[in-house]
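Participant: build me a model:
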Amino acid sequence: MKPIWIVDDDQSIRFVLEKALAREQLPVRSFANARDVIAALASDEPQVLVSDIRMPGGSGLDLLAQVKAKLPGLPVIVMTAYSDLDSAVSAFQGGAFEYLPKPFDLPKAVELIQRAVDESLREQVSDERKSEAPEMLGQAPAMQDVFRAIGRLSQSHVTVLITGESGSGKELVARALHRHSPRGDAGSNGPFIAINTAAIPKDLLESELFGHERGAFTGAQTMRRGRFEQADGGTLFLDEIGDMPFDLQTRLLRVLSDGQFYRVGGHQPLKANVRVIAATHQHLEERVRQGAFREDLFHRLNVIRLRLPPLRERREDIAPLTRFFLGKSAKELGVEPKRITEEALARLMGFEFPGNVRQLENLCHWLMVMAPSQVIEAKDLPPEMQAGEPVVAKQGGVHAATLSGTESAQREASHHTMVAGPSPSPTAGQSTWVDELEHEARCLLAQGREDVWDVLMRQFEARLIETAVDLTRGRRIEAAQKLGIGRNTITRKIQELGLDV
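Facilitator: Now for the predicted structure:
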């Protein structure tokens, strides 16, 4: 790990922080002014920078600006004895990780620095894994199925029907299908035209789709090309197709059948070479049974169907999506991206998100504007998201899609005994976690497995470490102390077990 740089013209402040961080086995390098820091950056860089604001020879805010220009991802903690609003606002606008007023409580200062170190290490791993931003994010098995389907459809112009709840990203899938379709007629080199059939009044929708001739109706002073003509040689995305008026469904079926249509008020048939991708949040089979949707149109559209899962079925994607949307909002706002704590992410992962990915994106934009510091904590979330149970309390359910039934049950059973804290003494008929462990061991042994020791020990160690790190709010050194193991041991175990803590 790279050293923590302390910048303060007060020697006593540097001395106190050096000794306190040394006790935590954290490397430190000290500077008395900003000029020396700038010179040192030419050949070295810190893990975290802790800087005073008011120093002779250059202010901490000027130093913050220069450091952020060179190392935008570096956590910078700003200290000052002048606890005024202007300094705090300037520090956060400049991208400071946190603001530390003097005089400070030393254990709290060390705790803050440790949080910044952990965040820096996480960002470092993230940067190493980061490549060009993907079109769509999704580690969940259901999303991987969608990606595989897009890949299989990449050499075809076949009609696709995308189903999924509102806000789940149906248009993103449609754009990906268009972008990866073969070049040529109705291919990726053509236009992508989208229209939401539920958002346009019935009287205007026909003109929107097929265009109109001059004088076709009151106000039609010029000829207008419709979406089918605009999409010629490319893709037309018909969103919320289930809400299309019944009489227009007949005209759409005609276009899909022979490629011909008429503008409103027109007499000359027109042709358009268009690939149609439709989407709906409704159950089209039920709409057909109700007589609200043409069965022949349904079968024409339902050549290939892609179901996009709601966000509650892909909770493992919430953390990467949150970080992605925070970065996106920061770029749009022209500010430094904010970081989010693991506790806050756990709260988000436990929320149902009825508005799906769109709701999460809007939340991230709100947090970028409204969260009071550069680090978003659980208390910064809206009340409805703070009230829910963190995902750590039901983690087995989150990844159940990737586990066998027995392994999923093991994670659920082990959680109740390790996360909730010490249990009261069992009364007659009640089982302890040791009894449950024995039961799981018997199940695995009865299956003839030869890796029972490794399976159960990995789950036991992982749950102990996750629980300790959660209780210490991400402070690994303190978690190791509470568990009675060394700092190097917990670091090695986290790497071996592949834990994201």
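Participant: distance of Ala194 from Gly334?
Facilitator: 28 Å (C-beta to C-beta, to the nearest Å). Backbone N, C-alpha and C define where each C-beta goes, glycine included.
Participant: those two: who's more crowded?
Facilitator: Per other C-beta atoms under 10 Å, whichever of Ala194 and Gly334 has more neighbours is Ala194, with 17 against 6.
Participant: who's in contact with the closest residue to that one other than its chain neighbours?
Facilitator: Nearest residue to Ala194, sequence neighbours excluded (C-beta to C-beta, 6 or more residues apart in numbering): Phe237, at 4.2 Å. By C-beta atoms under 8 Å, 6 or more residues apart in numbering, the contact list for Phe237 reads Glu171, Ala174, Arg175, His178, Phe192, Ile193, Ala194, Ile195, Ile277, Ala278, Ala279.
Participant: state the pLDDT value of the closest residue to Ser188 other than its chain neighbours.
Facilitator: Nearest residue to Ser188, sequence neighbours excluded (C-beta to C-beta, 6+ apart): Ser181, at 4.9 Å. Listed pLDDT for Ser181 reads 78.
Participant: residue contacts, the residue nearest to Asp243 when sequence neighbours are not counted?
Facilitator: In space, and not counting its chain neighbours, Asp243 is closest to Ala198: 3.8 Å by C-beta to C-beta, 6+ apart. Taking C-beta under 8 Å, 6+ apart, we find Ala198 in contact with Asp239, Glu240, Asp243.
Participant: now the closest residue to the first one other than its chain neighbours: how far from Ala279?
Facilitator: Just to be clear, that refers to Asp239. Leaving aside its sequence neighbours, Asp239 sits nearest to Asn196 (C-beta to C-beta, 6+ apart; 4.5 Å). From Asn196 across to Ala279, the span is 9 Å (C-beta to C-beta).
Participant: so if I had to pick from the two, which one is more boxed in?
Facilitator: Shown here are Asn196 and Ala279; by other C-beta under 10 Å, Ala279 has more neighbours (26 against 15).
Participant: what does the strand or helix carrying that one rub up against?
Facilitator: Using DSSP states H and E, Ala279 sits in strand 275-280. Contact with strand 275-280 is made by 157, 159-164, 170-171, 173-174, 177-178, 181, 186-187, 234-243, 256, 301, as judged by C-beta under 8 Å, 6+ apart.
Participant: what about the strands in the stretch 201-350 of the chain?
Facilitator: With DSSP state E, counting those that start in this stretch as the criterion, the stretch 201-350 of the chain has strands at 235-239, 260-261, 270-271, 275-280, 304-307, 339-340.
Participant: which pLDDT value belongs to Met418?
Facilitator: Taking Met418 on its own, its pLDDT is 30.
Participant: correction: the previous question concerned Leu437.
Facilitator: pLDDT, Leu437: 81.
Participant: how about Gly429?
Facilitator: The model's pLDDT for Gly429 equals 43.
Participant: ok, now Ala393?
Facilitator: For Ala393, pLDDT reads 33.
Participant: and Ile340, by the same measure?
Facilitator: Reported pLDDT for Ile340: 93.
Participant: count the neighbours of it for me.
Facilitator: 24.
Participant: cool, and Phe192?
Facilitator: Neighbours around Phe192, by other C-beta under 10 Å: 19.
Participant: and if you look at the one 3 residues further on?
Facilitator: The local packing count at Ile195 equals 20, with neighbours defined by other C-beta under 10 Å.
Participant: that one sits in which helix or strand?
Facilitator: Using DSSP H and E, the element containing Ile195 is strand 192-196.
Participant: packing partners for that strand?
Facilitator: helix 170-179, helix 227-230, strand 235-239 (3 or more C-beta pairs under 8 Å, 6 or more residues apart in numbering; DSSP states H and E).
Participant: mind checking which of the contacts of strand 275-280 are buried?
Facilitator: 157, 160-164, 170-171, 173-174, 177-178, 181, 186-187, 234-243, 256, 301 (16 or more other C-beta atoms under 10 Å).
Participant: does Gly190 count as helix, strand or coil?
Facilitator: coil (DSSP: H, G, I helix; E, B strand; the rest coil).
Participant: find the nearest non-adjacent residue to it, please.
Facilitator: Gly234 is the one closest to Gly190 (C-beta to C-beta, 6+ apart), at 2.7 Å.
Participant: and that neighbour, its phi and psi?
Facilitator: For Gly234, the backbone dihedrals (degrees, to the nearest 10) come out as phi -140, psi -140.
Participant: list the contacts of it.
Facilitator: Contacts for Gly234 were tallied using C-beta under 8 Å, 6+ apart; they are His178, Ala186, Gly187, Asn189, Gly190, Pro191, Phe192, Ile193, Val274, Arg275.
Participant: over to Lys68?
Facilitator: Leu74, Val76, Gly94, Gly95, Glu336.
Participant: any idea how far it is from Ser51?
Facilitator: 12 Å.
Participant: overlap in contacts, those two.
Facilitator: Taking C-beta under 8 Å, 6+ apart as the criterion, Lys68 and Ser51 both touch Val76.
Participant: low-scoring stretches of the chain, by residue?
Facilitator: 57, 81-94, 122-136, 183-187, 387-432 (pLDDT under 70).
Participant: what's around the spatially closest residue to Leu41 that is not a sequence neighbour, how many residues?
Facilitator: In space, and not counting its chain neighbours, Leu41 is closest to Lys70: 6.1 Å by C-beta to C-beta, 6+ apart. Applying other C-beta under 10 Å, we find 11 residues neighbouring Lys70.
Participant: my guess is Leu471 meets Leu483, correct?
Facilitator: No. Leu471 is beyond contact range of Leu483, at 10.3 Å (criterion: C-beta atoms under 8 Å).
Participant: higher neighbour count, these two?
Facilitator: Per other C-beta under 10 Å, whichever of Leu471 and Leu483 has more neighbours is Leu483, with 18 against 14.
Participant: do I have it right that the more buried one meets Glu466?
Facilitator: No. With contact defined as C-beta under 8 Å, Leu483 does not reach Glu466; the gap is 11.2 Å.
Participant: now stretch 234-250, how far from the centre of its chain.
Facilitator: Centroid separation between stretch 234-250 and its chain, computed with C-alpha atoms, centre = their mean, to the nearest Å, is 31 Å.
Participant: what do you get for stretch 222-240?
Facilitator: Using C-alpha atoms, centre = their mean, the offset of stretch 222-240 from its chain centre is 33 Å.
Participant: for stretch 464-479, same thing?
Facilitator: Relative to its chain's centre, stretch 464-479 lies at 23 Å (C-alpha atoms, centre = their mean).
Participant: end-to-end on it?
Facilitator: 10 Å (C-alpha to C-alpha, to the nearest Å).
Participant: tell me the contacts of Thr163?
Facilitator: Lys170, Ala279, Thr280, His281, Leu284, Arg305, Leu306, Arg307, Leu308.
Participant: for the nearest residue to the last one once chain neighbours are set aside, give me its contacts.
Facilitator: Right, Leu308. The spatial neighbour of Leu308 that comes closest, neighbours along the chain excluded (C-beta to C-beta, 6+ apart), is Gly164 at 3.3 Å. If you count contacts by C-beta under 8 Å, 6+ apart, Gly164 has them with Lys170, Ala279, His281, Arg307, Leu308, Pro309, Pro310.
Participant: again, but for Lys331
Facilitator: Shown in contact with Lys331 (C-beta under 8 Å, 6+ apart): Pro337.
Participant: then the helix or strand containing Lys68 to PDB, C-alphas only?
Facilitator: Secondary structure assignment for Lys68, by DSSP H and E: helix 60-70. Output of helix 60-70 as PDB, limited to C-alpha atoms (Å, rounded to 0.1, in the frame of the first residue of the first chain):
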ATOM      1  CA  GLY A  60      -5.000  23.500   1.100                       C
ATOM      2  CA  LEU A  61      -7.800  24.300  -1.400                       C
ATOM      3  CA  ASP A  62      -5.300  25.300  -4.100                       C
ATOM      4  CA  LEU A  63      -3.400  22.100  -3.300                       C
ATOM      5  CA  LEU A  64      -6.700  20.100  -3.500                       C
ATOM      6  CA  ALA A  65      -7.400  21.500  -7.000                       C
ATOM      7  CA  GLN A  66      -3.900  20.700  -8.300                       C
ATOM      8  CA  VAL A  67      -3.900  17.200  -6.800                       C
ATOM      9  CA  LYS A  68      -7.400  16.400  -8.200                       C
ATOM     10  CA  ALA A  69      -6.200  17.600 -11.700                       C
ATOM     11  CA  LYS A  70      -3.400  15.000 -11.500                       C
END
